[in-house]
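S.K.: sequence below, structure please.
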Amino acid sequence: MNKIMIVEDDAVLCSELAKLLENSGYTAVGIEDFRNALDEMISANADLVLLDINLPDINGEQLLQEYRKHCGTPVIMLTSRSSGLDEVISLSYGADDYITKPYDPAILLLRISAVLKRSGKAVSAHNYRNAEVNTAKGSIKLDEREQILTKNEMIIFRLMLDRQGEIVTRDMLMTALWDNEEFVNDNALSVNISRLRGKLAELGFEDAIETRKKQGYVLK
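M.R.: Coordinates of the predicted model:
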């Protein structure tokens, strides 16, 4: 599971970002002391950093410049500014990407995935009951049998796999899939889970997903 560090002084936005990332299968950590932001960023040993430009005590672009003296970890800059100059400065200081607030959560997740893949830090292979789960390819393989999952099926399965043995609610799944519960078709989620169950059954895992009434699902 990839670890992402959030360097954002807006507590509400930081919390929302952490929830989005965790629901999408990442581990999220934040900054506790912005006076020692550089030290915390270095010691976090994250796979990617989301770095806001407007920070207390230090400008995000200056912080990036200092961070690059110590770490080559991918960095995506976040800003409420729309100036092209900020983007140029950020990229010249070593940022891997740049996104303007307010951003579409789905676009942010795609940018994160793309940067991780380019950097070679993306976690693509996992295991489930001796089956190899390749999230990059979108497949689950057991011996000579292989099932190819759709993008949505893999998002559902990866979220369940990261929380194997724990209850994963429908709200968590819908947030991971569409990032906005208002526009979710509940039937579409049920169809995706039903198809995922069928593909797991083809590999011999008929009992893989247990439904907990009024709670959610558990991957066993």
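
S.K.: endpoint to endpoint, stretch 24-41 covers what distance?
M.R.: Using Cα to Cα, to the nearest Å, one end of stretch 24-41 lies 22 Å from the other.

S.K.: list the buried residues for that stretch?
M.R.: By neighbour count on 16 or more other Cβ atoms under 10 Å, the buried set for stretch 24-41 is 24-26, 28-31, 34, 37-38, 40-41. Quick note: C-beta positions are derived from backbone N, CA and C, even for glycine.

S.K.: now that stretch: how far from the chain's centre is it?
M.R.: 15 Å (Cα atoms, centre = their mean, to the nearest Å).

S.K.: ok, of the buried residues of stretch 24-41, which one's closest to Leu161?
M.R.: Proximity of those to Leu161 (Cβ to Cβ) peaks at Gly25, which lies at 8.3 Å.

S.K.: and the closest one, what helix or strand is that in?
M.R.: Following DSSP states H and E, there is no helix or strand that holds Gly25.

S.K.: surely it is in contact with Leu159?
M.R.: Yes. Counting by Cβ atoms under 8 Å, Leu159 is a contact partner of Gly25 at 5.8 Å.

S.K.: how about the strands in the chain?
M.R.: 3-7, 27-30, 48-52, 75-79, 97-100, 125-128, 131-134, 139-142, 145-148, 167-168, 209-212, 216-219 (DSSP state E).
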